[in-house]
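Peer 1: Compute the structure for the input listed below.
(chains A and B)
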Amino acid sequence: MQKTSVTRKKRVMAVAVAAIAGLSLAACSGGGGGSSSSDLTATGPITVWYSNNATELEWGKQMVEAWNAENPDQKVTGQEIPAGKSSEEVIGAAITAGNAPCLVLNTAPSAVGQFEKQGGLVNLSDFDDGASYIEERSGDIAAQYQNADGDYFQFPWKANPVVIFYNKDLFAQAGLDPENPKLSTYDDFIATSKTLVDSGVAPFAIQPAPTSEFFQMQFDFMPLYAAATGGKQIVEDGKATFADDAGYEVAQFWRDLYDQKLAGQEQYQGDAFADGQAAMAIVGPWAISVYDGVNFGSVPVPTPEATDPADIWTFSDAKNIGLFSACENKGTAWNVLKFATSEDQDGKFLETTGQMPLRQDLPTVYADYFAANPAYVPFGDLASRTTEVPSGPNTVQIMQTFRDAWGKSVIFGEGDVETSLDDAAATIDDLATQP
Amino acid sequence: MTTIVTPPRAPAPESAGAPGPHAKRSLRHRIFGRQPLGLLFSSPYLVFVLAVFAFPIVYSVWISFHDFFFAAPGANPERPFVGLDNYIYAFSNPAVIRSFGNVGIFLLINVPLTVVLSLLLASALNKVVHFRTFLRVSFYVPYVTASVAVVAVWLFLFNGNGLVNSLLGPFAPDPSWLINENLAMPVIAIYVTWKQLGFYILLYLAALQNVPKELYESASTDGAGAVRKFFSVTVPGVRPATLLVLLVSTVTGANLFTEPYLLTGGGGPNGASASPVLLMYQLGIQQGQPDVASAIGVVLVIGVLIIAFVQNRFVGERDS
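Peer 2: Prediction:
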């Protein structure tokens, strides 16, 4: 009887062992299945995924309808990207499972290197007019979307150039000039921030997310580093560039804001700018429609010394289009991609979403739109002066390394920022060259 | 001396040399057992365990010894054997070491607190006459409520301008709870204890029904008070449940993910609340290094098994 009990216990333990291990490891298994055609001219029905953002959804639906009306034999089925922790994880899982759609009109540049390494993306440069179409549409800025070999595994689609939004009402309450805020240099920005907080109009002057997600560096360090350096990427030729004087100054600027409690170290639940908890926000034009109820203005991100706004660069916050290798009808997919990024559809996208197509000479091509919507003019101008995240398969790792160092030295004030950036740069030098 | 004759369960083979029908039956018994139909009934779960748990475990161990990344069907990348490289890479990273320390702190707070509180509350609930159902449901509600929803309440309580700091006034910690390196993990441990408590209380309530009332009566006759009865009758009486609570709370605690992901913004501040599973998610899913993530997972599983073995040794073995 005792033996039976022990045997049963062993069996229970064996199942428990399996359960324990399964809980920890189930997420790490991979799958497979499905097939795809390497024929770049095949035509037929395709599926596209677009963002679930309300305005993008509106544009996406009309684009699909317009295509289907003209091409009934190559029907496009559009759907929102399935829900997940992030679009990139959903797309990554779809690549592994072999059921990715033909096009995803919301592909983050930070994920493209990994998708390419996975064999999930089609090289757009392989289409006869691939590279030429991209470069004619986007101009010189297209180059930062190439991989190390000069190929395009992503289509540069649209940007949300990051600027500073400020609440005019709170500025006025603090005795600041809401029409000409002093925010152009680091010193001015900090002085203005101090006035705002000291006057009690808001708990914080600005509240970028202080959390440790890798992509948060796109909304504090990267815009200011691009502005301070005239558009230098944070990794160039396989080497980290940010551990230089400009990088140190940007980091020290943000650390001063955190040290002086002008920026909050704790994540705000909600939108601090919309809720009046912060007098400024660092965002792109997508936010114009979101902040409908706030009387706000926008200025370029600050620079160490006063700089002509026409020379100021920023981070793109771009989302691009990927054509996925699981697609059976790549010819149709490429044609739909070109249709969706035609001058006509780009104009409709701009009108519907307020986001900037990555198209050269944007202010002149859509002059009527910008005349009717002056709030968007600075963004149209900035769209041609944006930097991007580093390319390659280790982009997320590089960004997480930077973010961890940033969180420690800048947000929570441990150690000095220069050593922190130097150490991060040394690690990133290794990562940038790894396959 | 008395000889007890019992009918044999299975007749002995008729001869040792040639296998007869009884020998065949014995072989069948050895393979399929006395109730072959039972295998049929249990096979769906067996298949489930093999497909959902056993295969991923074996595959993950294999991944952890290879240069592996997720690839599209047909990509067929090379996946060379790399020995312990993934383990060395993972555990050369101070963040990984720290995450194991963090989860150790978590378990040290969460597991004892869970056992003590759930046993005390279950014993109290077992004696309650009025509002019994209401109280049981009240303790169970946090367990069945989605973490995302409950985390929002705790953020409201413990953020810098939250209710707790408002009540504490000048005694509020600075930096505040969730951005304080020394307090973030304890807050998460207390949150998880509170959230899971209802489930463990139910386990103990079920176990308490099996403690013979005669034991309490005998103890009373011997002059034992309430405290003595609790330690001498209740605690030994629910020992199997205690082992289960220990094992389950350790396993779920070691798999901590949602709380640091949501409550402290991804394991902050400075990785003070990052757990191994959170890092596995970052490395394996976000950063495209499932091989390194698997190595961490394998070590975590081994660690949990060692803890479970020790718990079983000290709490459960006395039964057998």
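Peer 1: quick one, domains of chain A?
Peer 2: According to automatic domain parsing, chain A comprises the domains A:46-153+A:319-357, A:163-316+A:391-433.
Peer 1: Can I get those in CSV including distance to B:Ile97 and mean neighbour count?
Peer 2: Placement of C-beta: from N, CA and C, glycine included. Shown next, in CSV, are the domains of chain A (distance: least, CB to CB, whole Å; neighbours: other CB atoms under 10 Å in any protein chain shown):
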stretch, distance to B:Ile97, mean neighbour count
domain A:46-153+A:319-357, 25, 20
domain A:163-316+A:391-433, 14, 20
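Peer 1: Can you add distance to chain B and mean pLDDT and give those back as TSV?
Peer 2: Formatted as TSV, those follow (distance: least, CB to the nearest CB, whole Å; pLDDT from 0 to 100):
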stretch	distance to chain B	mean pLDDT
domain A:46-153+A:319-357	3	95
domain A:163-316+A:391-433	3	95
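Peer 1: Next, format those as TSV and append distance to B:Tyr45.
Peer 2: TSV is the format used below for those (distance: least, CB to CB, whole Å):
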stretch	distance to B:Tyr45
domain A:46-153+A:319-357	26
domain A:163-316+A:391-433	38
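Peer 1: So for B:Pro240, which of these sits nearest?
Peer 2: B:Pro240 sits nearest to domain A:46-153+A:319-357 of all the domains of chain A, at 38.1 Å, using CB to CB.
Peer 1: Chain A contacts on the stretch 151-300 of chain B?
Peer 2: Where the stretch 151-300 of chain B comes near chain A, counting by CB under 8 Å from any CB of the partner chain, the residues are B:152, B:155-156, B:159-161, B:175-176, B:178-179, B:247, B:251, B:254-255, B:265-271, B:277, B:280-282, B:284-290, B:293-294, B:297-298, B:300.
Peer 1: Give the PyMOL command for selecting the buried subset of those residues.
Peer 2: Provided next is the PyMOL selection string for whichever of these are buried by 16 or more other CB atoms under 10 Å in any protein chain shown:
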select buried, chain B and resi 155+159+160+175+176+178+179+247+251+254+255+265+266+267+268+269+270+271+277+280+281+282+284+285+286+287+288+289+290+293+294+297+298+300
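Peer 1: Give me the subset of the residues of the stretch 151-300 of chain B next to chain A lying in helices.
Peer 2: B:152, B:155-156, B:247, B:251, B:254, B:277, B:280, B:290, B:293-294, B:297-298, B:300 (DSSP state H).
Peer 1: after the host helix or strand of B:Ile201 comes which helix or strand?
Peer 2: Per DSSP states H and E: B:Ile201 is located in helix B:184-208. Counting by DSSP H and E, the element after helix B:184-208 in chain order, helix or strand, is helix B:213-221.
Peer 1: Restrict that next one to CA atoms and write it as CSV.
Peer 2: Taking Å, rounded to 0.1, in the frame of the first residue of the first chain, the C-alpha atoms of helix B:213-221 are listed here in CSV:
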residue,chain,number,x,y,z
LYS,B,213,-13.4,16.4,14.9
GLU,B,214,-12.6,13.7,17.4
LEU,B,215,-9.0,14.9,17.5
TYR,B,216,-10.2,18.4,18.5
GLU,B,217,-12.4,16.8,21.2
SER,B,218,-9.6,14.7,22.5
ALA,B,219,-7.3,17.7,22.6
SER,B,220,-9.9,19.6,24.5
THR,B,221,-10.3,16.8,26.9
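Peer 1: quick one: contacts of that helix?
Peer 2: With contact meaning CB atoms under 8 Å, 6 or more residues apart in numbering or on different chains, helix B:213-221 is reached by B:228-229, B:232-233, B:237.
Peer 1: change it to 10 Å
Peer 2: With contacts defined as CB atoms under 10 Å, 6 or more residues apart in numbering or on different chains, helix B:213-221 is touched by B:212, B:224-226, B:228-230, B:232-234, B:236-237.
Peer 1: same check, this time on stretch B:81-91
Peer 2: By CB under 10 Å, 6+ apart, stretch B:81-91 touches B:62-68, B:96-97, B:100, B:276, B:279-280, B:283, B:289-299.
Peer 1: which residues in the stretch 51-200 of chain B form strands?
Peer 2: In order along the chain, the stretch 51-200 of chain B carries no strands (DSSP state E, counting those that start in this stretch).
Peer 1: Below-threshold pLDDT in it: ranges please.
Peer 2: Of all residues in the stretch 51-200 of chain B, none has pLDDT under 70.
Peer 1: 80 instead, please
Peer 2: For the stretch 51-200 of chain B, applying pLDDT under 80 flags the ranges B:129.
Peer 1: tell me the contacts of B:Ala149?
Peer 2: B:Pro142.
Peer 1: middle-most residue in chain A, spatially?
Peer 2: A:Asp317 (3.9 Å; CA atoms, centre = their mean).
Peer 1: what about that one, distance to chain B?
Peer 2: According to CB to the nearest CB, to the nearest Å, A:Asp317 stands 18 Å off from chain B.
Peer 1: Once you drop chain neighbours, what's closest to that residue?
Peer 2: Spatial nearest neighbour of A:Asp317, excluding adjacent residues (CB to CB, 6 or more residues apart in numbering or on different chains): A:Asn160 at 4.0 Å.
Peer 1: so the one you found sits right up against A:Pro357, yeah?
Peer 2: No. Using CB atoms under 10 Å, A:Asn160 is not in contact with A:Pro357, being 11.2 Å away.
Peer 1: Need the overlap of contacts for the two.
Peer 2: Common neighbours of A:Asn160 and A:Pro357 (CB under 10 Å, 6+ apart) are A:Ala383.
Peer 1: Assign a three-state SS to A:Met280, would you?
Peer 2: Following DSSP: H, G, I helix; E, B strand; the rest coil, A:Met280 is assigned to strand.
Peer 1: ok, it - contacts?
Peer 2: Taking CB under 10 Å, 6+ apart, we find A:Met280 in contact with A:164-167, A:170-171, A:181, A:183, A:189, A:192-193, A:196, A:202, A:204-208, A:262-263, A:272-273, A:296, A:298-299.
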